[in-house]
Structure formats: C-alpha cells, structure tokens
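In: build me a model from this:
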Amino acid sequence: MSAGLVVQTREFDLADDLLAYADPVDPRAWLRRGDGIVAVGSETARVVRVAAGSEPRTAALSRTWDGIRSSARVDDAVRLPGTGLVAFAALVFDETSAADSVLIVPRTVIGRHGGRTWITRILDAGDARDGIAEEGHGSADGRHAAPAPTALGPHWAGTLGPGAQSAQGYQASVRRALAAIADARYGKVVLARDLVGTVPAGSDLRRLVRALSTEYPDTWAFAVDGLIGASPETLITAQDGVVTARVLAGTTARGADAVTDARAAASLADSPKDNDEHAFAVRSVVASLAPHTTALDAEGGPFILELPNLFHLATDVRARLSDGASALDLAAALHPTAAVAGTPTDAAIAAIRELEPFDRGRYAGPVGWIDAHGNGEWAIALRCAQFDVTGSGSPIPLTAYAGAGIVAGSDPEAELLETRVKFRPIVDALA
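Out: Just a heads-up that it's a prediction; the model follows:
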C-alpha cells in the first residue's frame with residue numbers, strides 16, 4: 001500500500017485568472033463566476049480509474065477515497081469550500097459503459113472563493129520530510145516554488161459533424177419511445193444524440209473552458225480527464241452538513257427579442273408537458289435524498305431559470321445531512337435522476353441502451369469534486385464534450401452530446417430542435 005498523503009493549504013496572493021495555472025493539454029477545473037478550483041499543471045498525487053465490474057463504480061470510488069482521506073495528514077489554514085485535500089472526479093452515466101469513472105488528486109491546487117485565494121500542495125508522506133512551503137514562497141531546495149501562470153495559447157477552431165445518431169435517426173428513436181410510453185412501458189425517457197469532430201493538434205483546451213465560463217457564467221464550467229463542459233444543473237452540493245440541489249427539467253429556446261422572450265417563458269411555465277416532466281425529476285431527487293437527510297424542502301418551484309440561450313423549469317432542494325454520507329455518496333444515490341434518464345429508472349436506462357446507438361460515456365454522469373470531510377460540489381455533465389487527450393502530434397478527437405426528455409405528448413421534431421439548442425454552447429465555443 002502506498003504512503004499516505006501530506007496536505008497543506010495556505011492563503012496565496014493570486015491576481016491571475018485561475019485557468020492560467022491549469023494544464024493546456026488536460027486542464028482540470030471547476031469554475032463558476034470566477035470562483036472555483038484548478039489543478040496546477042498535470043502532476044497528480046493519485047489517479048483512480050474504475051471500469052465496469054461486479055461492484056458499482058461509485059461504491060468502489062467511495063471506498064478508495066475513504067482510504068485516501070483517512071490516511072492523509074491535512075493542514076488547512078483556510079477552511080473554505082475546495083481547500084484541503086480535494087479530488088476532481090467524473091463518473092460514467094451507465095454502469096455498463098466502456099468508459100472509466102475517474103478520481104484525480106492533483107499535486108497542487110489553486111482556488112478562489114469569496115475574494116480569498118489559496119494554494120494547496122499534496123505530497124506523499126515520504127516526499128514531505130523537509131516540509132511543505134509556507135505561504136506559497138517555496139522551500140529551500142526549490143521543489144515547492146510558487147507556480148507560475150502561463151498565458152492561454154493561440155485561438156483555434158474545431159470541427160463538428162454528425163455522429164452515430166443522425167437527425168432522422170433521432171426522430172425515429174423518439175417515435176419508438178412514444179410508442180413505448182403509450183404502452184405504459186415507462187413514463188419518461190431522456191434520449192440523446194451525438195456530434196463528433198476534432199480540434200487541431202496542440203490546441204490549448206483551456207480556451208474552451210474560458211469560452212464556456214465566460215458565455216455561461218451561471219453554470220458550472222468543468223474540465224476533468226478530457227470531459228469539458230458547462231452544466232446548469234447542480235446534482236448535489238454538500239457543505240458542513242447542509243445539502244442543496246437544483247433540479248432542471250422542462251426546456252424551451254429563448255426568443256429573439258423581449259416580446260418573444262417573454263412569450264417563450266410564459267409558454268414554458270404553462271406547459272402541461274414540461275411541468276409533468278419537471279415533476280418527475282423533482283420526485284426522483286426527493287426520493288433519493290430522503291434516506292440521507294432531514295428537513296428536506298423542495299417547495300417553491302418550479303421557477304424559470306434564464307440562461308443565455310434557454311429557459312429551464314427549475315426547483316431548488318435543500319436538506320440537512322442525517323447519516324454522514326459524503327458528497328460522492330449522495331451523487332451516487334441521486335444518479336441517474338429522472339432529468340437525465342427518465343422514470344422508472346431501470347426501464348428508462350434499458351430504453352436508452354436500446355434507442356441510442358452509442359455509449360454515453362460520462363455524458364449526463366456526475367462530475368465535480370470532493371474533499372477530505374466529504375464536502376463537495378457535483379453537477380450533471382451536460383453541455384459538454386469528451387476529448388481524447390491521450391494522443392499527441394495529431395488532431396484531438398471529440399464527441400459532444402445533447403438530449404431531451406421524452407414524455408407523452410412530445411413531438412419528435414420539437415425534441416430534435418431542443419437538442420440543437422442544447423448543442424449551441426459547445427458548438428459556439430468550439431467555433
């Protein structure tokens with residue numbers, strides 16, 4: 001068994017953009033309105049990859065993380081969300097996926113929260129004999145010198161085209177789903193389609209994260225192991241025993257002017273189809289959180305959430321943790337929600353396997369971070385693309401995804417249009 005980790009967090013004078021410290025080839029970042037955490041460079045203290053097997057992957061990751069955090073010595077003088085020992089993670093949507101679920105502990109993390117900035121250094125116990133640098137100034141031998149930011153590389157443009165699911169094929173899958181819903185095989189299923197493409201060799205992928213976080217500031221912009229996106233949907237946030245989630249289901253495109261914009265919002269708010277879809281999603285989140293929480297409150301929704309290109313029906317859920325579950329445990333309990341799978345869950349997952357001609361990988365799976373106390377922030381990996389960052393010297397392949405919830409009354413052409421609107425953030429950023 002490897003030695004435990006020694007972790008130190010200190011205030012750090014940081015005037016630069018957080019992304020300036022991330023690795024250009026394989027950035028690891030979690031950002032919202034300028035706050036968040038990034039891994040400095042590409043060096044890691046631990047990387048845990050879990051493939052399909054007899055044990056649920058989230059259970060394997062949770063057990064491994066418990067071992068990592070219980071053996072770590074953490075000196076955290078800042079004590080803000082994202083300080084101390086942290087790991088970035090991205091989990092697959094479907095246990096049968098050929099992709100890996102992954103948990104990454106960087107060597108160095110820089111963060112910002114509420115105007116305060118910090119640096120966390122994570123070493124193996126055997127490498128920490130001389131101590132860790134104080135206040136970001138570096139040790140005598142220079143091993144822990146303060147990291148230097150690097151300017152973002154040149155602008156680039158990617159290409160995207162049809163994937164395994166064509167527009168015509170998608171509408172055919174929606175029609176098959178509607179027939180199954182009419183036969184009462186399930187009440188809702190979320191069907192996605194894919195686009196495939198490349199970006200030039202040597203592209204600085206931080207530029208994509210920057211474009212998404214700038215254009216969609218109210219989303220979680222994330223980059224973990226080549227999965228890059230901007231999700232509007234918080235799966236779960238756990239901080240000091242308080243648990244919150246934001247449920248999104250029910251979507252419409254925004255109007256071209258103030259009049260059509262207001263009309264679109266009103267139509268969404270009054271839509272029986274969208275309200276039914278939203279109610280499915282809220283019930284699934286409440287049912288999943290109930291065994292782990294008390295004082296569970298999901299009242300006051302749905303409200304209209306405004307994004308630059310979309311309106312969503314949204315409901316905020318809040319509760320107090322009652323059983324000591326970690327943010328990773330709660331993400332596992334919640335996933336997959338009705339908002340990204342359907343209901344009943346098992347029937348919806350079976351339908352997705354049947355009707356989607358591709359492996360979703362980590363699309364619509366949980367993505368986020370967790371700390372040594374079990375606190376963390378997790379979103380659903382939406383408005384995203386998976387990049388193959390393992391190659392070198394050739395264009396970087398990518399696959400982007402977007403989906404829509406299918407319920408009784410759905411129209412195949414309208415659902416196709418919804419996926420086009422949801423593709424817009426990643427397509428525009430790649431352009």
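In: hey, where'd the helices end up in this structure?
Out: Taking DSSP state H as the test, the helices found in the chain are 57-70, 167-182, 206-215, 258-270, 272-289, 327-334, 345-355, 412-430.
In: which stretches of the stretch 251-400 of the chain aren't confidently modelled?
Out: Applying pLDDT under 70 to the stretch 251-400 of the chain picks out residues 391-393.
In: scratch that, the stretch 101-250 of the chain is what I was asking about
Out: For the stretch 101-250 of the chain, the stretches with pLDDT under 70 are 128-145.
In: try 80
Out: For the stretch 101-250 of the chain, applying pLDDT under 80 flags the ranges 126-146.
In: among the helices of the chain, show me which one is buried the most.
Out: Comparing the helices of the chain by mean neighbour count (mean count of other Cβ atoms under 10 Å), helix 327-334 ranks first with a mean of 24. Where C-beta positions appear, they are placed from N, C-alpha and C, glycine not excepted.
In: helices or strands up against it?
Out: On a contact count with 3 or more Cβ pairs under 8 Å, 6 or more residues apart in numbering; DSSP states H and E, helix 327-334 meets helix 57-70, strand 234-239, helix 272-289, strand 366-371, strand 376-380.
In: of these, which is nearest A338?
Out: helix 272-289 (4.0 Å; Cβ to Cβ).
In: and the closest one, what other elements does it pack with?
Out: Short answer (3+ Cβ pairs under 8 Å, 6+ apart): helix 272-289 packs on strand 242-253, strand 310-321, helix 327-334, strand 342-343, strand 396-407.
In: then it to CSV, C-alphas only?
Out: What follows is helix 272-289, C-alpha atoms only, in CSV (Å, rounded to 0.1, in the frame of the first residue of the first chain):
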residue,chain,number,x,y,z
PRO,A,272,-48.5,20.7,-19.0
LYS,A,273,-46.0,18.5,-20.8
ASP,A,274,-43.0,20.4,-19.4
ASN,A,275,-44.5,20.7,-15.9
ASP,A,276,-45.2,16.9,-15.9
GLU,A,277,-41.6,16.3,-16.9
HIS,A,278,-40.3,18.6,-14.2
ALA,A,279,-42.4,16.9,-11.5
PHE,A,280,-41.0,13.5,-12.5
ALA,A,281,-37.5,14.9,-11.9
VAL,A,282,-38.2,16.6,-8.6
ARG,A,283,-39.9,13.5,-7.2
SER,A,284,-36.8,11.3,-8.1
VAL,A,285,-34.4,13.7,-6.4
VAL,A,286,-36.5,14.0,-3.2
ALA,A,287,-37.0,10.2,-3.0
SER,A,288,-33.2,9.6,-3.4
LEU,A,289,-32.2,12.2,-0.8
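In: what angle do it and strand 310-321 make?
Out: Put simply, helix 272-289 runs at 20 degrees to strand 310-321, going by axes from the mean of the first three to the mean of the last three Cα atoms, to 10 degrees.
In: contacts for helix 272-289, please.
Out: The contact list for helix 272-289 (Cβ atoms under 8 Å, 6 or more residues apart in numbering) reads 187-188, 243, 245, 247-252, 268, 296, 298, 301-302, 313, 315, 317, 319, 330, 333-334, 337-339, 342-343, 345, 405, 407-410.
In: distance of the residue nearest to I406 when sequence neighbours are not counted relative to G403?
Out: Distance criterion Cβ to Cβ, 6 or more residues apart in numbering; nearest residue to I406, sequence neighbours excluded, is A177 at 4.6 Å. Remark: distance between A177 and G403 (Cβ to Cβ, to the nearest Å) = 12 Å.
In: what is in contact with these two at once?
Out: Contact criterion Cβ under 8 Å, 6+ apart; residues shared by A177 and G403: L191.
In: as TSV, the helices and strands packed on helix 272-289 with distance to E215 would be great.
Out: Formatted as TSV, the helices and strands packed on helix 272-289 follow (distance: least, Cβ to Cβ, whole Å):
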stretch	distance to E215
strand 242-253	16
strand 310-321	12
helix 327-334	26
strand 342-343	29
strand 396-407	16
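In: out of these, nearest to S166?
Out: Nearest to S166 among these is strand 396-407; the distance by Cβ to Cβ comes to 13.9 Å.
In: how far away from the center of its chain is the closest one?
Out: 14 Å (Cα atoms, centre = their mean, to the nearest Å).
In: what lines up beside that strand in the sheet?
Out: Strand 396-407 sits in its sheet next to strand 188-199 (antiparallel), strand 384-387 (antiparallel), going by DSSP bridges.
In: what's the separation between I119 and E43?
Out: Distance from I119 to E43, counting by Cβ to Cβ: 14 Å.
In: those two: who's more crowded?
Out: More neighbours surround I119 than the other of I119 and E43, with 26 against 11 (other Cβ atoms under 10 Å).
In: surely the more buried one is in contact with V7?
Out: No - judged on Cβ atoms under 8 Å, I119 makes no contact with V7 at a distance of 11.4 Å.
In: just the helices and strands packed on helix 272-289: most buried one?
Out: Greatest burial across the helices and strands packed on helix 272-289, using mean count of other Cβ under 10 Å, falls to strand 342-343, with a mean of 26.
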